[in-house]
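Colleague: Provided below are the primary sequence and the corresponding predicted coordinates.
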Amino acid sequence: MIAGHDIVFPAAGDAAGLEACARIVARKWRHARFEDAETGEKYFRLEDIPFGNVRDLLVYANPEAEAAWDADSPDSAENSMLYLIARPEDLTVVVDNPNTTEMHSILGAIRGLLRPYILRTCESVA
Amino acid sequence: MSTITESPAILEQLLRENNLGWMIDMYAPSERAVPFLLAQLDRLATEFRRRFGRDESFAPEDLRTEADRNPHKIRALLQALGVSGSPEMLLMVWRILHGLSIREVKMNYQELEAFTLTVTLAQPGDEGDELEAYTTSDINDAALLRNFGITTVDGHPLFDGFLPQRIK
């Protein structure tokens, strides 16, 4: 079970922001698998995800991690899955342990990519 | 299908939904805007076919379908359409929107003399050896860089994605 450290980015949690986060994670996890946390729908590839219809996205590090999580295995490795949550007022990354080199790298890159969204200077489009 | 046929109303609706109605209203004469943009999309389809030897539809009906799945991608493409008249650079945008990595950007500018911009893309990952280079000499295309996602990874520079700008 994910321990649940919520890293909240005060950026509009729209489809573009969610995909930006997912792209960064997929860059680190080359064999990542994806799942719509609300519907349970699975996606093998980033480009298969209909970001306009997804708000809560699970990203597994690889198929083995996905299988372990699906089996609710107690052996699921730490930080083998990230939970991305897009809400109108923010984007949240839920992570087991944010204090690892890999998570520092991922979260730092996400923060940079979302900077224009955080420092937006005009009203956002719907 | 790659030929743009009868879809001006859908294209206008897409533009207005994405706060890009100015692309129609400020065009002179405004009634020529949509036909002009449809022709641009047709040139984009032609460029896709020339490069990849297969068809990809940029018909407004298909853009509408994609907008239902990924509204931000269509918004970003339409923003690019308002910036660039180059089918090659619009194809570069489309390829980034479909997941390609931005492997290299080279820009050369000499005041009142020269401008070139080359963006090289590749499939993400180390296996992405097949490079796609897109070049323009139109300085207006430099505005496309505003949509590049900008960040760092472990202190190293990264352009990633083509994000819609938040305009109203």
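Modeller: Right, received. Where do you want to start?

Colleague: in terms of helices and strands, where is the residue of chain A found nearest chain B?
Modeller: Proximity of chain A to chain B (Cβ to the nearest Cβ) peaks at residue A:112, 3.1 Å away. Any C-beta I mention is one placed from the backbone N, CA and C, and that applies to glycine too. Applying DSSP states H and E as the criterion places residue A:112 in helix A:101-118.

Colleague: gap between the closest residue to residue A:53 other than its chain neighbours and residue B:77?
Modeller: Nearest non-adjacent residue to residue A:53, counting by Cβ to Cβ, 6 or more residues apart in numbering or on different chains: residue B:69, 6.8 Å away. If you measure residue B:69 against residue B:77 using Cβ to Cβ, to the nearest Å, the figure is 13 Å.

Colleague: pick out whichever of the two has more residues nearby.
Modeller: Neighbours were counted for residue B:69 and for residue B:77 using other Cβ atoms under 10 Å in any protein chain shown; residue B:77 has more, 24 against 16.

Colleague: so which strand or helix has the more buried one?
Modeller: Using DSSP H and E, residue B:77 falls in helix B:71-81.

Colleague: which residues of chain B fall in strands?
Modeller: With strands called from DSSP state E, chain B shows them at B:101-110, B:114-122, B:132-136, B:148-153, B:156-162.

Colleague: what packs against the third one?
Modeller: Contact analysis of strand B:132-136 by 3 or more Cβ pairs under 8 Å, 6 or more residues apart in numbering or on different chains; DSSP states H and E lists helix B:87-97, strand B:114-122 as its packing neighbours.

Colleague: anything in the first one near chain A?
Modeller: Right, the one you point to is helix B:87-97. No: taking Cβ under 8 Å from any Cβ of the partner chain as the criterion, helix B:87-97 and chain A are apart, separated by no less than 9.1 Å.

Colleague: between that helix and strand B:148-153, how many degrees?
Modeller: 50 degrees (axes from the mean of the first three to the mean of the last three Cα atoms, to 10 degrees).

Colleague: outside of the longest helix along chain B, which residues touch it?
Modeller: In chain B, taking DSSP state H as the definition, the longest helix is helix B:33-52. Here helix B:33-52 makes contact (Cβ atoms under 8 Å, 6 or more residues apart in numbering or on different chains) with B:2-4, B:7-8, B:11-12, B:15, B:23-25, B:27, B:54-60, B:81, B:85, B:87-88, B:90-91, B:94, B:132.

Colleague: and these, which of them are in helices?
Modeller: Of the contacts of helix B:33-52, the ones assigned to helices by DSSP H are B:8, B:11-12, B:15, B:23-25, B:60, B:81, B:87-88, B:90-91, B:94.

Colleague: narrow those residues to just the buried residues.
Modeller: With neighbours counted by 16 or more other Cβ atoms under 10 Å in any protein chain shown, those contain buried members at B:8, B:11-12, B:15, B:23-24, B:60, B:81, B:87-88, B:90-91, B:94.

Colleague: can you name the two of the residues you listed that sit furthest apart?
Modeller: B:12 and B:88 (25.5 Å; Cβ to Cβ).

Colleague: tally of neighbours for residue A:73?
Modeller: The tally of other residues near residue A:73 (other Cβ under 10 Å) stands at 11.

Colleague: OK, contacts around the spatially most central residue of chain A?
Modeller: When Cα atoms, centre = their mean is applied to chain A, the residue found nearest the centroid is residue A:84 (3.3 Å). Contacts for residue A:84 (Cβ under 8 Å, 6+ apart) come out as A:18, A:21, A:22, A:25, A:56, A:57, A:58, A:59, A:91, A:92, A:93, A:94.

Colleague: now it, which residues is it bridged with?
Modeller: Residue A:84 has these beta-bridge partners by DSSP bridges: residue A:57, residue A:93.

Colleague: distance of the nearest residue to residue B:8 once chain neighbours are set aside from chain A?
Modeller: Closest residue in space to residue B:8, ignoring its immediate chain neighbours: residue B:34 at 4.4 Å, by Cβ to Cβ, 6+ apart. Distance, residue B:34 to chain A, by Cβ to the nearest Cβ, to the nearest Å: 21 Å.

Colleague: and what of residue B:136?
Modeller: Counting by Cβ to the nearest Cβ, the gap from residue B:136 to chain A is 23 Å.

Colleague: per-residue confidence averaged over stretch B:46-63?
Modeller: Here stretch B:46-63 scores 97 as its mean pLDDT.

Colleague: what parts of chain B come near chain A?
Modeller: Contact residues, chain B versus chain A (Cβ under 8 Å from any Cβ): B:18-19, B:67-72, B:75-76, B:98-99, B:101, B:124-125, B:149-154, B:158, B:160-161, B:163-164, B:166-168.
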